[in-house]
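Asks: next comes the sequence, and after it the predicted model I'd like to discuss.
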Amino acid sequence: MDIFSLWSKVLGEVQKSDPQYYEVIMRGVFPRSFENGVFSIMLTGSGPSWILGWFKAIYEKKLAEIISSLVGSPIRLEVVVQGQETPAPAAPATPAPLPESFPQPAMPPVTPAPQAQAPVSQTPPAPFPEAPSTPAPDFLDKVSRGDFQHADLPNIQDKIREQGKEPMHPGNLFEPAGEREEVTQQFEDQVNINRQFTFDTFIHGPSNELAFKAAKSVAEAALSGNTDSRTNPLFIYGPSGLGKTHLLHAICNYIHDHAPKLNVRFVTSETFLNDLIKSIETSSMDKFRKRYRSVDYFLMDDVQLFSGKNSSQTEVFNTFNVLFDNKKHIILTSDRTPQDIEKLEDRIKTRFSSGLIAPIEPPDYEMCSVILLKKAEHDHIVLPEDVINYIAGHIHTNVRELNGAYNKLVSYAQFTQQKITLDMARTALKDVIPPDAKKELTMEFITDVVCEYYGVSKASVLSPGRPKKIVAARQMAMYFCRQELNESYPNIRDYFKRKDHTTVMYACNRVEKDLKSKPGIADDYQKIKKILASR
Ligand SMILES: Nc1ncnc2c1ncn2[C@@H]1O[C@H](COP(=O)(O)OP(=O)(O)OP(=O)(O)O)[C@@H](O)[C@H]1O
């Protein structure tokens, strides 16, 4: 594993285990070398003096532990401060306590960086257009009527054009970012809430719209004091790395900002379990029950972990009932639906399913592009359009991986002092996106890309169905097969399981005409073409 791949994994671990420190590590610490068991890092960014003190007191030991566990053997961490390229003195014998005790000492402020060398606009980038807001909980009426519409994502190409700036020199990544908010905050005795995980920083689109709107609606109910039985409990499920935890943090952040008097408890199922065991051992079940049952909002992450934990399920059941009967808000996440959690009592499954079950699916290409662009915007980095296409075209099943690729690219650019270009991105990300990943252009590949773009299943495109969205995707895929591969009409007919090759001819003519008269179709065509080119 090269140093950049390793560093990207390190950042991933920091984000997972200590989200409150992620920002400062991502922005202020860079890998230099890893030789003979010595991992050398550079502290950089805006204020080496505070970062050195903070880092040595708070995070040096933990970072060394993370790196050691990733490489599988103990390493020595060498710390160099930017501008004073001799290693800083060794760590204190007794390192300061780790995140649980935060903020002691307080998190250093994320202050503006020194003046950049490259001329870049000091004006903060324009915010993304707000999706039309629907007063809560109206979206549910739409869901039940079956005409639920997702909010449009901002047009990625427009956003890139709007920026229209020269890619920033990576030496200048630490741009003055104006007034930055305090990065993290711990809510009383709660687990750490990442202040960056808000509804504003959550990109929403077709794959997660219901979960996003439902979570927002539940958070906004804090203002009215009402509990909507249609969304209680709210059960969000989906594969790993797609933003379930982010939404829970967003609810907590919203309540903290708008209704701070409310009592919120956010736990992972693991914490709940450990707390339960400890309370039984120390005969303090009364306190345990008070802790979990006297809250206004109860949020629990990863409830699939209760599978097979029979003895704790009764406590989950009773906690749920007390909260539910008192009309308190319950928000749960899992990697699967309640019904699919094996070895979970039926009575719990039924209760978990009694409100709204909202899925989160893998993002499509467009959403990945917006996520990348928004991250770059936040960091004041201009990512060239072809680099966005390249990354989003290859990584679109997991936002955590997408973030990892972005972090890796930025670290690489910083370290090698190179401009971010497509060639550079290919080199920096060669472990994440193997160079030979360039797929052969086939009818199958084209169909996969087109289906993903339109958010429809391949099976439906290859079946006789005629819903409008499916027909649009099918016709576009046929057109690309003809244009890019010069396939014969009969071959395309056979691949798409049509009866007559005139259907293919009609589809190609239709798209040809639409490209001239319908800007939306022309836009789709250009975007799909770019994805195919960046394969
Ligand atoms: N739609 C999104 N917009 C912006 N960031 C996102 C989005 N989805 C996920 N992320 C980011 O991806 C990372 C992983 O998300 P998160 O931890 O919430 O995933 P998860 O679904 O809870 O995964 P797991 O089941 O493994 O815990 C976080 O940094 C989160 O901010």
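Replies: Sure thing, it's come through. Numbers count the residues shown, from 1 in each chain.

Asks: could I get the buried residue list for the host helix or strand of residue 256?
Replies: If you go by DSSP states H and E, residue 256 is part of helix 244-258. Neighbour-count burial for helix 244-258, counted by 16 or more other CB atoms under 10 Å, picks out 244-256. From N, CA and C alone the C-beta is placed, and that goes for glycine too.

Asks: one more: stretch 356-366?
Replies: Quick answer for stretch 356-366 (16+ other CB under 10 Å): 356, 357, 358, 360, 362, 363, 364, 365, 366.

Asks: burial measure for the closest residue to the ligand within the chain, as a count.
Replies: In the chain, the residue that lies nearest the ligand is residue 243 (2.7 Å; CB to the nearest ligand atom). Neighbours of residue 243 under the rule other CB atoms under 10 Å: 26.

Asks: and residue 419, by the same measure?
Replies: Residue 419: 16 surrounding residues under other CB under 10 Å.

Asks: the one 10 residues further on now?
Replies: Residues near residue 429, counting by other CB under 10 Å, number 25.

Asks: so what's it scoring on pLDDT?
Replies: In this model, residue 429 is scored at 94, pLDDT.

Asks: my guess is it meets residue 408, correct?
Replies: Yes: using CB atoms under 8 Å, residue 429 is in contact with residue 408, at 6.3 Å.

Asks: what's the most distant pair in the buried residues of stretch 356-366?
Replies: Distances among the buried residues of stretch 356-366 were taken as CB to CB; the most separated pair is 356 and 365, at 27.7 Å.

Asks: quote the end-to-end distance of stretch 319-338.
Replies: Using CA to CA, to the nearest Å, the end-to-end distance of stretch 319-338 comes to 17 Å.

Asks: tell me which residues of that stretch come out buried.
Replies: Those would be 319-320, 323-324, 328-335, 337-338, for stretch 319-338 by 16+ other CB under 10 Å.

Asks: what parts of the stretch 101-250 of the chain come near the ligand?
Replies: Applying CB under 6 Å from any ligand atom, we find that the stretch 101-250 of the chain lies next to the ligand at 197, 201, 202, 203, 208, 240, 241, 242, 243, 244, 245, 246.

Asks: give the burial count for the closest residue to the last one other than its chain neighbours, as a bare number.
Replies: Ranked by CB to CB, 6 or more residues apart in numbering and with sequence neighbours excluded, the top spatial neighbour of residue 246 is residue 197, at 4.6 Å. Here the number of neighbours of residue 197 (other CB under 10 Å) works out to 20.

Asks: for the remainder of this discussion, apply numbering that starts at 39.
Replies: Done: numbering now begins at 39, and the last item shifts to residue 235.

Asks: can you say which helix or strand has residue 235 in it?
Replies: Going by DSSP H and E, residue 235 is not in any helix or strand.

Asks: what sits against it?
Replies: Neighbouring residues of residue 235 by CB atoms under 8 Å, 6 or more residues apart in numbering: 57, 283, 284, 287, 288, 291.

Asks: lowest-pLDDT helix or strand in the protein?
Replies: strand 222-224 (a mean of 37; mean pLDDT, DSSP states H and E).

Asks: next structured bit after it?
Replies: strand 230-232.

Asks: sheet-wise, list the partners of that following strand with their directions.
Replies: Sheet pairing of strand 230-232 (DSSP bridges) gives strand 222-224 (antiparallel).

Asks: pLDDT score for residue 63?
Replies: Reported pLDDT for residue 63: 80.

Asks: and residue 211, by the same measure?
Replies: On pLDDT, residue 211 comes in at 28.

Asks: repeat that for residue 325.
Replies: 94.

Asks: wait, it touches residue 318, no?
Replies: No: using CB under 8 Å, residue 325 is not in contact with residue 318; the gap is 11.7 Å.

Asks: who in the protein is up against the ligand?
Replies: Residues of the chain lying near the ligand (CB under 6 Å from any ligand atom): 53, 235, 239-241, 246, 278-284, 373, 409, 437-438, 441.

Asks: again, only using 5 Å
Replies: 240, 241, 278, 279, 280, 281, 282, 283, 284, 437, 438 (CB under 5 Å from any ligand atom).

Asks: and of those residues, the nearest to residue 339?
Replies: residue 283 (5.5 Å).

Asks: identify the farthest-apart pair in the residues of the stretch 139-288 of the chain next to the ligand.
Replies: 239 and 278, at 19.1 Å, using CB to CB across those.

Asks: and the two? which has more neighbours close in?
Replies: Per other CB under 10 Å, whichever of residue 239 and residue 278 has more neighbours is residue 239, with 17 against 13.

Asks: and the more buried one, that's in a helix?
Replies: No: the assignment for residue 239 by DSSP: H, G, I helix; E, B strand; the rest coil gives coil, which leaves it out of any helix.

Asks: returning to what we had before: same list (the buried residues of stretch 357-376) but as a markdown table, adding pLDDT, distance to residue 531 and secondary structure.
Replies: Shown next, in a markdown table, are the buried residues of stretch 357-376 (pLDDT from 0 to 100; distance: CB to CB, whole Å; DSSP: H, G, I helix; E, B strand; the rest coil):
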| residue | pLDDT | distance to residue 531 | secondary structure |
| --- | --- | --- | --- |
| 357 | 96 | 59 | helix |
| 358 | 96 | 55 | helix |
| 361 | 97 | 58 | helix |
| 362 | 96 | 56 | helix |
| 366 | 97 | 58 | coil |
| 367 | 97 | 54 | strand |
| 368 | 98 | 52 | strand |
| 369 | 98 | 49 | strand |
| 370 | 98 | 48 | strand |
| 371 | 98 | 45 | strand |
| 372 | 97 | 43 | strand |
| 373 | 95 | 40 | coil |
| 375 | 95 | 39 | coil |
| 376 | 96 | 44 | helix |
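
Asks: which stretches of the stretch 139-288 of the chain have low pLDDT?
Replies: 139-229 (pLDDT under 70).

Asks: about what we covered before: okay if I get the buried residues of helix 282-296 as JSON lines plus distance to residue 44?
Replies: Converted to JSON lines, those look like this (distance: CB to CB, whole Å):
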{"residue": "282", "distance to residue 44": "27"}
{"residue": "283", "distance to residue 44": "24"}
{"residue": "284", "distance to residue 44": "25"}
{"residue": "285", "distance to residue 44": "30"}
{"residue": "286", "distance to residue 44": "30"}
{"residue": "287", "distance to residue 44": "27"}
{"residue": "288", "distance to residue 44": "31"}
{"residue": "289", "distance to residue 44": "34"}
{"residue": "290", "distance to residue 44": "32"}
{"residue": "291", "distance to residue 44": "31"}
{"residue": "292", "distance to residue 44": "36"}
{"residue": "293", "distance to residue 44": "38"}
{"residue": "294", "distance to residue 44": "35"}
